[in-house]
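here are the coordinates; sequence isn't available:
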């Protein structure tokens, strides 16, 4: 049985090698990286587990903390952000992590803990284990980044930058009470109050939008870069949309959504967060709760509370990341429908720059 503990991890300078394949390939890639960086290694080896891509295998990144930047055509140096994690010791071969994902996320739903979209981390506790045969036993630590602390940090940063210290102090009041053990209702009550304080402190809707957009779950950068490269190759937005709809890597759904273009607008409607529970819901509140992708809102819907639709700009940030990354320029995202407005779904319109449209 896994026992998770909350821990804070410092940011670190890492040199890494990224590849797509299977877990059995990890030791050889660590060996390749080790030979290039061994005089500068300054900490425990770790593997970042980004995702599994159908027909391409796992998207993996083997890493060493290093004392200085080391870049070649194959390896890259970057800052791996720190933050609050849930961590648990694992023993076993390389195929242990994927075997426990389903149990892990069922457990997180049970205790109402939301994990960020950042890559999961597997830290090797014994030096050299990362380069051993993949079928052997290993002592590792699985680290899962917590979403709520990141969301609160981004909210505070956006308030400071766009509205000033006074607004930040007002909106973030009592945010320190949102600890790992606090109830869903306590989180919902805080968010409801925070959005009311934000509406009162910041009169301009555009500024509130920018503040909340920055809080969104982080869309995987490598996915955005893939679509940007495809767009540059195709040179046509409609052909890109056809390609995006073919993606089935999110449990049978497209990670890119199913955007439809009408003139200079792309229309997006979110899939339910938990399709099974959404279909099995016995009343309207439960159905909408399992439709909504925000764990901070779910308890409020079930409790019959109303949260300002300002909060939905956070969800709009998901589409800002995708389309600004693909196009390389700002876009406007409009909230068309939202469960917080009493609608039965959440839909958005992305306003495309006219120069990106087919002639």
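All right, it came through fine. Predicted model only: the values in this text are computed from it and were never measured.

what's across from residue 349 in the sheet?
Taking DSSP bridges, one finds residue 267, residue 334 as the beta-bridge partners of residue 349.

burial of it, as a residue count?
19 (other CB atoms under 10 Å). C-beta coordinates here come from the backbone N, C-alpha and C atoms, glycine included.

so residue 27 sits in a strand?
No - under DSSP: H, G, I helix; E, B strand; the rest coil, residue 27 falls outside any strand and is assigned helix.

now for it: which residues touch it?
Taking CB atoms under 8 Å, 6 or more residues apart in numbering, we find residue 27 in contact with 130, 131, 132, 133, 134.

is it true that the first one touches residue 33?
When you say that, I think you mean residue 130. No - under the criterion of CB atoms under 8 Å, residue 130 is not in contact with residue 33, lying 9.2 Å apart.

any weak-confidence spans in the stretch 51-200 of the chain?
For the stretch 51-200 of the chain, the stretches with pLDDT under 70 are 54, 94-102.

90 - rerun?
Along the stretch 51-200 of the chain, the model assigns pLDDT under 90 to residues 51-59, 73, 86, 88-118, 132-139, 142, 178-188.

quick one, helices of it?
For the stretch 51-200 of the chain, the helices defined by DSSP state H, counting those that start in this stretch occupy 96-110, 147-162, 165-171, 184-201.

and which of the contacts of residue 27 is nearest residue 112?
Among those, residue 130 lies closest to residue 112 (CB to CB), at 33.6 Å.

for that closest one, give its distance to residue 64.
In this structure, residue 130 lies at 9 Å from residue 64, with CB to CB, to the nearest Å as the measure.

and stretch 305-314, end to end?
End-to-end distance of stretch 305-314 (CA to CA, to the nearest Å): 19 Å.

before we move on, the earlier item: quick one, which of the helices of the stretch 51-200 of the chain is nearest to residue 207?
Proximity of those to residue 207 was assessed by CB to CB; the nearest stretch is helix 147-162, lying at 5.5 Å.

so what sits against both of residue 130 and residue 64?
With contacts taken as CB under 8 Å, 6+ apart, residue 130 and residue 64 have residue 45 as neighbours in common.

quick revisit: now, the most widely separated pair of the contacts of residue 27?
130 and 133 (11.3 Å).

more crowded one of those two?
Under the neighbour definition other CB under 10 Å, residue 130 and residue 133 were set side by side, and residue 130 has more, 26 against 9.

by contact count, what packs against the helix or strand hosting residue 18?
Per DSSP states H and E: residue 18 is located in strand 12-21. When contacts are defined as 3 or more CB pairs under 8 Å, 6 or more residues apart in numbering; DSSP states H and E, strand 12-21 packs onto helix 26-37, strand 46-53, strand 57-65, strand 76-80.

looking at it now, give me its mean pLDDT.
Regarding strand 12-21, the rounded mean pLDDT is 94.

give the buried residues for it.
Neighbour-count burial for strand 12-21, with 16 or more other CB atoms under 10 Å as criterion, is recorded at 12, 13, 14, 15, 16, 17, 18, 19, 20.

now do the helix or strand containing residue 296 against helix 147-162, angle only.
With the criterion set as DSSP H and E, the secondary-structure element containing residue 296 is helix 295-302. Angle, helix 295-302 to helix 147-162, by axes from the mean of the first three to the mean of the last three CA atoms, to 10 degrees: 100 degrees.

was I right about residue 81 contacting residue 10?
No - Residue 81 is not in contact with residue 10 according to CB under 8 Å; the separation is 9.6 Å.

ok so, going back, contact partners of the strand holding residue 18?
With contacts defined as CB under 8 Å, 6+ apart, strand 12-21 is touched by 25, 29, 32-33, 36-37, 40, 42-43, 46, 48, 53, 56-71, 74-80, 82.

report the buried members of the residues you listed.
Here, 16+ other CB under 10 Å leaves 25, 29, 33, 37, 40, 46, 48, 53, 58-66, 70, 75-77, 80 buried among the contacts of strand 12-21.

residue ranges with poor pLDDT in the stretch 251-359 of the chain?
When residues are selected by pLDDT under 90, those of the stretch 251-359 of the chain lie in 251-258, 271, 273-275, 293-306, 341-342, 353-359.

which stretches of it form helices?
Going by DSSP H, counting those that start in this stretch, the stretch 251-359 of the chain shows helices at 275-280, 284-291, 295-302, 312-327.

closest to residue 198 out of the ones you listed?
Comparing the helices of the stretch 251-359 of the chain against residue 198 with CB to CB, the closest turns out to be helix 312-327 (10.1 Å).

list the helices and strands that closest one packs on?
Taking 3+ CB pairs under 8 Å, 6+ apart as the contact cut, helix 312-327 packs with helix 205-213, helix 221-234, strand 332-337, strand 347-351.

export the ones you listed as TSV, with columns for distance to residue 319.
Output for these, formatted as TSV (distance: least, CB to CB, whole Å):
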stretch	distance to residue 319
helix 205-213	9
helix 221-234	11
strand 332-337	5
strand 347-351	5
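
nearest to residue 276, out of the ones you listed?
strand 347-351 (21.7 Å).

helices or strands up against that closest one?
Checked by 3+ CB pairs under 8 Å, 6+ apart, strand 347-351 has strand 265-269, helix 312-327, strand 332-337 packed alongside it.

thanks again, I'm all set now.
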